[in-house]
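Engineer: Sharing a model that was predicted from the sequence below.
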Amino acid sequence: MNESSHQRDEQDPGHRHLFHIPPAEGGDHPEVAYFAGNSLGLQPKATRTELNEDLDDWARLGVEGHLDAARPWLPYHELLTEPAARLVGALPSEVVVMNSLTVDLHLLMVSFYRPAGDRTRIVIEDAAFPSDSYAVRSQARFHGLDPDTTVVRLKPRDGEDTLRTEDVLAFLRDEGDTVALLMLGGVNYLTGELMDMATITTAGREAGAVVGWDLAHAAGNVPLSLHEWGADFAAWCSYKYLNSGPGALAGVFIHERHHGDASLQRFEGWWSTESATRFEMTPESRPPRSADAWQVSNPPIFAMGPVRTSLRIFDEVGLPALRERSLRLTAYLRELLDEVVATRPLSVITPREPERHGCQLSVRLHGGNAGALTKRLRFEHGVIADARQPDIVRFAPVPLYSTYEDCRRAAAALAACVEETK
Ligand SMILES: Cc1ncc(COP(=O)(O)O)c(C=O)c1O
């Protein structure tokens, strides 16, 4: 802790120059200290330029752009497949970028939530993002089941904030034969806990359940090996750590063992059929043996552009290097926060061990109002963190663009906003 934040930034600079950093509205700094990349990542400078190239092709070519654009629109989604597959540790045939995250979870559950006999339950974590909770409850209802008994919410032990892997495994050992689908967040949105996805996937499958992962907070944040772990499916959005813009497209993974399985239900549209047959205009589809078969509609090119640009940046920088910088940044923030919380009604609820967290640190404001606190952080100190009511403030130093000085500013701002009680 002897080195200053500025010295650390000189030694370990990241790739901030590739991004637009918003100006600060409050505090003494021209730019915000941005910690909300776990909610909406910042805009890469290349996004606008590359998106304009696609827009220019539309202006120049009209419908002919489907085949004649510099990046032809018909196979455009294929440009995203390989870099997305590298990011999540998958074969290219196992990945496709399409739709939004919750829509994709539903499309995946059409295939992978098939309640039968006594095996009907869906297991999520109690602190699952509400969209996932609504999605699985509506899936239970869709199958004529009672969501209150069908959806199991795994809770941390009394007095603890995060789920223990051993408790997930114990549940699967004891009640796994009732579980049709285990669908947890790879990194929890609220606590920042990184789950042991390899171990849980193996245990879930050994218990006879289908295992899917919501990787909204994991993709672009932590290394993933979905193929090797043997997950049945996964989905993630691209607007958080993948910096592809508000509401950006999602990605899905479907393990290759499911490709071409005619017994799996899928909802289809003209993009579900093999591209070579798409314009034969036949009444029946011929789905490819790949994740592409889960596509339904023709994809939005101008929404895919920013995902393509972002994935290129990840390819150029490399996730392993980003993860190393991420661990250094988050460890630095943690050291600073440890000092701040020691004398205030605050605690850091994210697990401390490096293998149990990604970028994010979640701070609990005991008895306080997280929303009011984040407003003060923003308007008095130019620090953008986000509140999850009633009492959690999330700080995510993002290795592509956050700095050690940002971390110092965040800790100092928190100390200034919350009075000491000890
Ligand atoms: C863990 C998780 N799941 C699902 C969603 C919902 O995503 P979408 O609105 O893209 O469907 C979010 C959004 O933040 C999320 O964090």
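Structural biologist: It's in. Residues are numbered from 1 along each chain as shown.
Engineer: Indicate the residue of the stretch 201-350 of the chain located nearest to the ligand.
Structural biologist: The ligand sits closest to residue 216 of the stretch 201-350 of the chain, with a gap of 3.6 Å, by CB to the nearest ligand atom. For the C-beta atoms, the positions are set from N, CA and C on the backbone; glycine is no exception.
Engineer: Let me see the contact set for the nearest residue to that residue once chain neighbours are set aside.
Structural biologist: With CB to CB, 6 or more residues apart in numbering as the criterion, residue 216 has its nearest non-adjacent residue at 5.0 Å, and that residue is residue 237. Listed by CB atoms under 8 Å, 6 or more residues apart in numbering, the contact set of residue 237 reads 100-101, 216, 219, 248-250.
Engineer: do residue 225 as well
Structural biologist: Taking CB under 8 Å, 6+ apart, one finds 89, 198 in contact with residue 225.
Engineer: In the protein, where's the longest helix?
Structural biologist: Secondary structure of the chain read by DSSP state H shows that its longest helix is helix 319-342.
Engineer: on that earlier part again, mind telling me the two of the contacts of residue 237 farthest from one another?
Structural biologist: Using CB to CB, those span at most 13.9 Å, a distance reached by 100 and 219.
Engineer: and the two? which has more neighbours close in?
Structural biologist: Shown here are residue 100 and residue 219; by other CB atoms under 10 Å, residue 219 has more neighbours (28 against 17).
Engineer: Secondary structure of that one: a strand, I assume?
Structural biologist: No - assessed with DSSP: H, G, I helix; E, B strand; the rest coil, residue 219 is coil; it does not lie in a strand.
Engineer: follow-up on the earlier one: quick check: what element follows the longest helix of the chain along the chain?
Structural biologist: Downstream of helix 319-342, the next assigned helix or strand under DSSP states H and E is strand 346-348.
Engineer: Residue 395 belongs to a strand?
Structural biologist: Yes - Residue 395 sits within a strand when classified using three-state DSSP.
Engineer: looking at it, it is touching residue 350, isn't it?
Structural biologist: No - taking contacts as CB atoms under 8 Å, residue 395 lies outside contact range of residue 350: 9.5 Å.
Engineer: got any residues that touch both of these two?
Structural biologist: Residues touching both residue 395 and residue 350 by CB under 8 Å, 6+ apart: 360-362.
Engineer: tell me the phi and psi of residue 401?
Structural biologist: Note on residue 401: its backbone torsions stand at phi -130, psi -10 [degrees, to the nearest 10].
Engineer: Contact residues of the protein facing the ligand?
Structural biologist: Proximity of the chain to the ligand (CB under 6 Å from any ligand atom) is limited to residues 100-102, 129, 131-132, 185, 189, 214, 216-217, 237.
Engineer: distance between the ends of stretch 349-357?
Structural biologist: By CA to CA, to the nearest Å, the extent of stretch 349-357 from end to end equals 11 Å.
Engineer: Need the mean per-residue confidence for that stretch.
Structural biologist: Mean pLDDT, stretch 349-357: 98.
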